[in-house]
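Enquirer: A structural model of the following input is requested.
(chains A and B)
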Amino acid sequence: MEKILEKKRIDDWIAALAAKSQGEWEVHAPALQDGIWTYQPVSGAARLDHPNTRQSPKEFAFPQREVYFSFEQIKGEPPKLTQILPKETRHAVFGVRPCDGRGVPRMDKVFNDHVEDTYYTTRRRNVAYVGLACNKPPNATCFCLSVGGSPVSTDGLDVQMTDLGDRYFVKAITETGKALMMAGGNLLAEAAAADQKQVKQVHADAVAYPQRKINDPDGAPAKLKANFKSPLWEEMARACIGCGICTFLCPTCHCFDINDEVQNKAPLKGQRVRTWDNCQFPDFTMHSSGHNPRENTGDRLRQRVNHKFQYFHENFGMHQCTGCGRCVSECPVGIDIVAVVNKVTEHVG
Amino acid sequence: MINIQDIRDTARDMLAKGEVRTVIGYRRGSRGMPAEPAFITSPEQADELIWDPTCYHNLSLYLVHDSKIQAHLRKDTGAPIGIIAKGCDARSVVVLMQEHYFKREDVYIIGVSCEGTGVLDERKLAAQLNGVQPTLAAFDGDDFVITTAEGEKRLSARDVMADRCLECRTPFPKEHNAVFGEDKTGRQLAEPFAALTRFEAQASSERWDIWSHHFDRCMRCFACRSVCPMCYCEECVVDSITFPVTAQTSAAEKADRVRWIERSATRSENITYLLTRAMHLAGRCTDCGECDRACPVNIPIRMLNNKMEREAREKFGFEPGASIGGSSLVASFLDSDPGEFIR
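Expert: Just a heads-up that it's a prediction; the model follows:
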């Protein structure tokens, strides 16, 4: 299904999606707030002129805080556990860039491949990703082409939109995507041959646009493995401050911690919650003995880079990194995953 | 105006003579700007050093890292460590010495004056450039010259400087072993605490609404803590383990540990984290602004520290990092202290 949507009619499409008969979608789109682009709930007006959002859309299926269950222990009675599953509210996320779209199947591999994580899958089946192709790289730190992606990739998306100036070319990728487009009714007109031709040209230009480059992405897994003990890691991580920016903003970082949050001591009452965790925090691998197997920033940088470019590749046959460049542009001390991978893969050790 | 070659010559010379073991400075980042921290250990590397308006980082953080590593390795530190320090950074070094984190002779301070300007605020710059991406920034008198894909652009530094630099009272590193650039102390481009004063002009309900909004947005990546040279505690109140664990620590002790702040990034926990940090920085924060710059979601963290700094100044005439011999705010008692709140 390929259609044309006048730009000024996007608000009507979004409004139509909220109707009960059309699936009662809660629509989110990037908005500029506090100087950064973030996904905000929208009922109508949405402007899709963002470069990319500061935080990735991973939060829609994998929020920073997920409650597993509540617990209560009254003296003399058996403990009471109540599972708390996410609400089955449907979310349509507009303006998802192709790199973030490619993050979705990677998260699916982790939470819905060998094991099914009920919390993740409940949210995931209720989210639709309406992508926006990048006519040119929106940021100087973009490198999707180096990791098997493309500025016009449809991977992970339900709908792909392409900006054609005064209108969008809208293409359904999945059945969910078709349903979203049907909800728009007459707002979406049939795409003519001229539109097809134009979108083809826009996509070809987008792919030809120069980007930063990882020189040997295919050779990276073996070379990273060979350089596990390289002194380069310590050197490259010398400035690392050990904060969580790179992983919290990443569309594919998925590590978490589980804690019991006690709200009342007597009678005992609380919740078991899952929260994002972070391999760059010094206490991430702290053993209860006090021993820390990843003691230095070099060990921790290596973990993050190897997970993206070696371990994930060994497990699932694809790089985990999608080249969004957030960890590069937002690192306060200039640690640059492109430069790191290039340096290690070009190192003869 | 500072000639970077002079700084490079000093660094090269000291490294060649073995007078310092490392010079911590700035070098060109892999993307051009911003600069990134550099650890220069051999004379040949000295030419990597740069000085431009993107040298934001308060490098005294790495003196703290170095002290921790040295203590861990139980090594004699040998020659001192050289550090390039702006006015605010040098004051941080002084605070760390007041707190006996290291000794004066352990550090060789290569001071750089911010002269008539200061460092860039990339958010202000982005607003001026309208989507055009900058690749380099250079000082030029009262202006910054910005290189972009669409050519060079000259901007009045005052329009794109960080608030803390506009309000800075001492843009010159008083404590130093060597210093570059002119002392322009007193050049102050905006009133001290101007941004804070503007904020405080609002009604308390408005202020609460604004801060509640920010507290809700914090993701607890801890960049503000991690980038701060004053946040050097071995065990921080927000960490999952807030006491030293040994082989003798029992399972019950670990399980029943006090968790002052839960890991959930919710308003109550975020408030506790951010305000605890602000309180712990009272009389210690030298307004280097790194917490504010590092925050990935633009929470105006500097304002919290600024508030404490103004209290210290107005109530006790206290200036953090003014002199090594000076007392620290929370460790001194004055007979003249009115102490009205504890009577």
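Enquirer: So residue A:306 is in contact with residue A:222, correct?
Expert: No: Residue A:306 is beyond contact range of residue A:222, at 11.7 Å (criterion: C-beta atoms under 8 Å). C-beta here means a position set from N, CA and C on the backbone, and glycine is covered the same way.
Enquirer: Compare these two (neighbour count), which wins?
Expert: residue A:306 (22 against 13; other C-beta atoms under 10 Å in any protein chain shown).
Enquirer: Need the three-state assignment for that one.
Expert: helix (DSSP: H, G, I helix; E, B strand; the rest coil).
Enquirer: Residue A:9 too?
Expert: Three-state assignment for residue A:9 (three-state DSSP): helix.
Enquirer: do the same with residue A:279
Expert: Applying three-state DSSP: residue A:279 is coil.
Enquirer: Chain B versus that one, what's the distance?
Expert: Applying C-beta to the nearest C-beta, to the nearest Å, the value for residue A:279 to chain B is 13 Å.
Enquirer: Can you report how many residues neighbour the nearest residue to that residue once chain neighbours are set aside?
Expert: Leaving out its chain neighbours, the residue that sits closest to residue A:279 by C-beta to C-beta, 6 or more residues apart in numbering or on different chains is residue A:303, at 5.1 Å. Number of residues near residue A:303 (other C-beta under 10 Å) recorded here: 18.
Enquirer: In the chain, mark out all the helices, start to finish.
Expert: Because you didn't say which chain, this covers chain A. Per DSSP state H, chain A carries helices over the ranges A:10-17, A:98-111, A:118-124, A:175-183, A:193-208, A:220-226, A:232-236, A:245-249, A:297-306, A:312-316, A:326-330, A:337-345.
Enquirer: hmm, I had chain B in mind actually
Expert: Taking DSSP H as the criterion, chain B contains helices spanning B:4-17, B:60-73, B:87-98, B:122-129, B:157-160, B:163-166, B:194-200, B:204-217, B:223-226, B:251-255, B:267-280, B:290-294, B:301-316.
Enquirer: Where does the record place the domain boundaries for chain A?
Expert: Annotated domains of chain A cover A:2-208, A:220-256+A:279-345 [automatic domain parsing].
Enquirer: Dump the helices of chain A into JSON lines; add mean pLDDT as well.
Expert: Shown next, in JSON lines, are these (pLDDT from 0 to 100):
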{"stretch": "helix A:10-17", "mean pLDDT": "94"}
{"stretch": "helix A:98-111", "mean pLDDT": "98"}
{"stretch": "helix A:118-124", "mean pLDDT": "97"}
{"stretch": "helix A:175-183", "mean pLDDT": "96"}
{"stretch": "helix A:193-208", "mean pLDDT": "96"}
{"stretch": "helix A:220-226", "mean pLDDT": "96"}
{"stretch": "helix A:232-236", "mean pLDDT": "95"}
{"stretch": "helix A:245-249", "mean pLDDT": "98"}
{"stretch": "helix A:297-306", "mean pLDDT": "97"}
{"stretch": "helix A:312-316", "mean pLDDT": "96"}
{"stretch": "helix A:326-330", "mean pLDDT": "97"}
{"stretch": "helix A:337-345", "mean pLDDT": "96"}
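Enquirer: what angle do the biggest strand by length in chain B and helix B:122-129 make?
Expert: Identified as the longest strand of chain B according to DSSP state E is strand B:32-40. Going by axes from the mean of the first three to the mean of the last three C-alpha atoms, to 10 degrees, strand B:32-40 is angled at 150 degrees with respect to helix B:122-129.
Enquirer: For strand B:32-40, enumerate the helices and strands it packs against.
Expert: When contacts are defined as 3 or more C-beta pairs under 8 Å, 6 or more residues apart in numbering or on different chains; DSSP states H and E, strand B:32-40 sits against strand B:23-29, strand B:134-140.
Enquirer: Which residues does the first one contact?
Expert: With C-beta atoms under 8 Å, 6 or more residues apart in numbering or on different chains as the contact definition, strand B:23-29 has outside contacts at A:334, A:336, B:7, B:11, B:14-15, B:35-40, B:46, B:48-52, B:54-55, B:57, B:59, B:62-63, B:81-84, B:110.
Enquirer: Report the buried members of these.
Expert: By neighbour count, with 16 or more other C-beta atoms under 10 Å in any protein chain shown, these hold A:334, A:336, B:7, B:11, B:14-15, B:35-40, B:46, B:49-52, B:54-55, B:57, B:59, B:62-63, B:81-84, B:110 as buried.
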